[in-house]
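1. I'd like to go over a predicted model; first the sequence, then the structure.
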Amino acid sequence: MYCILYDLTIILFCTSLSLCTSCAQVVMQPQAARLIGTCEGCEAIFEFGQKTLSAVDTLPDFDKKGQKVRVSGTVYQPDGTTPGAGVILYIYHTNPEGLYENKYQATNWERRHGYLRAWIKTDLDGKYTFYTRKPGVYPSRTEPAHIHLTVLEPNGGYYWVESYYFANDSLLTAKEIEPVAPRGGNNGILNLKNEGEIWTASRDLILGKNVAGYE
Ligand SMILES: [Fe+2]
């Protein structure tokens, strides 16, 4: 049995759980990570630094003004039924004004993606949850509000999948509502339900689904 644990630049390769204590730390080699298909900025999925990732996370400034949203779901293996454990999801989105805002001292891809981003690692049941404020649309109103999503599998394969969108967004078009081959298995449109001060929605993912070059 193999397990692979992530750190910023280190992956621990273990031949069995019982041998994990004797694992050698191996500096992550470029070939350990494999971009599947093309993607600008997907490498930002490795920018979580020393943070210990968990299946539940809250994006910055969740307590500030804005519509509070909780998104949860299950990630499945390509068979569509086996939970995908230990999968890292990288999400980022605009602020309520529709801007990829920089705060603090942004470096690397944070300068493009803004400070509203997070890395979530699915649990043994493939479950994930994140809390954030609903993003705003670009001031140009050229796209519906969305949350970008990149996936990193335990085997090192990483790729983008369809963004999260929001039902009833007047800017949604057929491209988002009925994509021909949605990566991840669905169009990502969230139907928010009001639960008091928070709006909730769910979205499951199927690893590799409709991802060109995925094996
Ligand atoms: Fe965007």
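-> Looks like it came in fine. Numbering: from 1, shown residues only.
2. What are the phi and psi values at residue 207?
-> The phi/psi pair for residue 207 (degrees, to the nearest 10) reads phi -60, psi 130.
3. quick one: contacts for it?
-> 75-78, 84, 87, 151, 153 (Cβ atoms under 8 Å, 6 or more residues apart in numbering). Quick note: C-beta positions are derived from backbone N, CA and C, even for glycine.
4. Please convert the buried members of these into PyMOL selection syntax.
-> Selection of buried members from the contacts of residue 207 for PyMOL, criterion 16 or more other Cβ atoms under 10 Å:
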select buried, resi 75+76+77+84+87+151+153
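5. of the contacts of residue 207, closest to residue 165?
-> residue 151 (17.1 Å; Cβ to Cβ).
6. quick one: the host helix or strand of the closest one to chain centroid distance?
-> Residue 151 is part of strand 147-152, with elements assigned from DSSP states H and E. Relative to the chain's own centre, strand 147-152 is displaced by 3 Å; criterion: Cα atoms, centre = their mean, to the nearest Å.
7. Just the residues contacting that strand, thanks.
-> 6, 33, 39, 42, 44-46, 71, 75, 87-93, 113, 132, 135, 158-164, 184, 188, 205, 207.
8. Tell me how the protein divides into domains.
-> 1-32, 34-206 (automatic domain parsing).
9. Just send the ones you listed back as a markdown table, with mean pLDDT and distance to residue 212 too.
-> Listed next are those as a markdown table, based on pLDDT from 0 to 100; distance: least, Cβ to Cβ, whole Å:
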| stretch | mean pLDDT | distance to residue 212 |
| --- | --- | --- |
| domain 1-32 | 40 | 20 |
| domain 34-206 | 97 | 5 |
